[in-house]
Structures are given as structure tokens and as C-alpha cells.
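Peer 1: My questions concern the predicted model and sequence given below.
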Amino acid sequence: MSVALVNPQGHRPARLTGVAARLVGTPHEIRAGDDVVLFYGAGMGHRVRHFAAAAEGELPPVMVLAPRLDWNDVALALDHGAASYLIENRYAFPLAETLVCASRGASILDPEIAAERVGAACRSRADEATRDRPGRATAPRDGSDAEAPAREAPGAEQIPPVPPLPHPPGPILPPPSCLPHLSLRERQLMDLLAAGLGVREVAEAMSLTDKTVRNYLSRVYTKLGVHRQSEAILYWLGHLATRDAARTPADPDAC
């Protein structure tokens, strides 16, 4: 595997062993044979944005390995094409294996980042559902009376306003309604994809055909409300990070 390593000071991760990593300073130094681009260091979100804007064509899968968690940097990197973002020395993850998974299209996120993004998506969907409830007034598109209180239809359920949530210091547990209701085979499929396996490898591991795996994957997309494999893996990684916290002795089958 070939890794294009981006670090202005020329530093390399101490745990990057057994991998051919080549230091690059500009997007034009990235080769067609590079499997993944690893941005190593603090404040890499700005460099991810620069590389994405200046690259000729699409970059290989992008991973950021940062020394600490910076939410602004996370948002900047992910918004400009990074699919993976990890915090160095936070968990005992094998970096070389993680890069292999990223090169195959998997999205590998620090559990706190994954949980925050899943929680934000769940809150956004809950807000949309609240706005779409019958009897809820919608703001006019021309902006008139934008601050006027919403009028409830007679007999409509009164829904108290939800105060804005503070920025999370740690993982956010998605509401139970947002946890996926997947079959056993669909869960096995997502566990294998989240571990970095491709469709063909998943098919071999589950003794299925490639077509059957893709059919399962299409049903998973519908149930999770996503449109592509990377989004499904991101959702599932956040779900796994909070699944144990959601399970209680009174509910042994909770997901």
C-alpha cells in the first residue's frame, strides 16, 4: 500500500510501520498509485481544503491523524472530503490496518466524532419531523412575520420549544428512535463493512454472492436513511460507539 503523507515539518507518525509513506507538500505530488492521503498534525483541516481545491481530479481517500480533538478542524476536514479522522494516541488502534480500511473506502472516525455526527443527524431529523407535524405553522418564504409565534390548529398537541443543546464535551447517545432496526444478516453486513472489508470480501465471509450483498446494502441504506456506503459506515460506527451504553439489563436485546 502506498500512502501520501502530508506534514509541513516532515514528521511521521511513530506508529506508521510497515507502510510505504511518502512525504508530499502539494496536491500535484500525489501519484495515481497512492492508496490514501494521510494528513498528520494539528490544524490539518485547512490543508485538506487546500488540497481538495487545488487537486487535478479526485483525491484518493483522505484520513486526518490529529494530536488532539478540535471540533472546528474536524468540521473543516470532513466538509472538504476527508472520510476518516482519528486522534493520535487516544485509542490503541493499529494505524497500518486503519489506513488499509480507509484505502478501501471505509470511513474511520474517532468514536466521539462519530457519535456527535450521528447525534446531530438525529436531532436534525427530529426538528424536521416537528416542523412537518400537522398544525405547525411554517415561516413565509418572503420573510414577513418571520418572528410571529406559530399558530396551532384547534386541538393540536402543544409541543414545548426545545432549548439549544450545548456543544457536546463527549459522545452523544442517539435517541432510541434513531437506532437502526436491522436484521441479523444486515447487522453482520454492517459489522464487516465497518471493519474495512469490501463487498466481495463481505460476500465471501457471509457465503453470499456479490449481488445478494448489494441487495442487503440497498435495504440498509433505506432503513438508515442514507444514500451511499460511506454514510452507512459512518452511521454504524457511531451506533457501535454508543450501543453498549444503550443496552440495559432489563432490555438485553436493545441495539
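Peer 2: Looks like it arrived, so ask away.

Peer 1: just the helices in the stretch 1-150 of the chain please.
Peer 2: 44-54, 71-79, 95-103, 111-131 (DSSP state H, counting those that start in this stretch).

Peer 1: for the third one, packing partners?
Peer 2: So that's helix 95-103. Applying 3 or more Cβ pairs under 8 Å, 6 or more residues apart in numbering; DSSP states H and E, one finds that helix 95-103 makes contact with strand 36-40, strand 62-66, strand 82-87. (Each C-beta comes from the backbone N, C-alpha and C, glycine too.)

Peer 1: Ok, the longest one next?
Peer 2: The elements that helix 111-131 packs onto, with contact taken as 3+ Cβ pairs under 8 Å, 6+ apart, are helix 229-246.

Peer 1: average pLDDT across the helix it packs on?
Peer 2: Averaged over helix 229-246, pLDDT sits at 65.

Peer 1: again with stretch 109-127
Peer 2: 79.

Peer 1: The residue nearest to residue 83 when sequence neighbours are not counted: what's it in contact with?
Peer 2: Nearest residue to residue 83, sequence neighbours excluded (Cβ to Cβ, 6 or more residues apart in numbering): residue 107, at 4.5 Å. Residue 107 makes contact with 83-84, 230, 233-234, 237, according to Cβ atoms under 8 Å, 6 or more residues apart in numbering.

Peer 1: can you redo these as CSV with distance to residue 44 and neighbour count?
Peer 2: Listed next are the contacts of residue 107 as CSV, based on distance: Cβ to Cβ, whole Å; neighbours: other Cβ atoms under 10 Å:
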residue, distance to residue 44, neighbour count
83, 14, 20
84, 12, 25
230, 19, 16
233, 21, 24
234, 19, 26
237, 20, 23
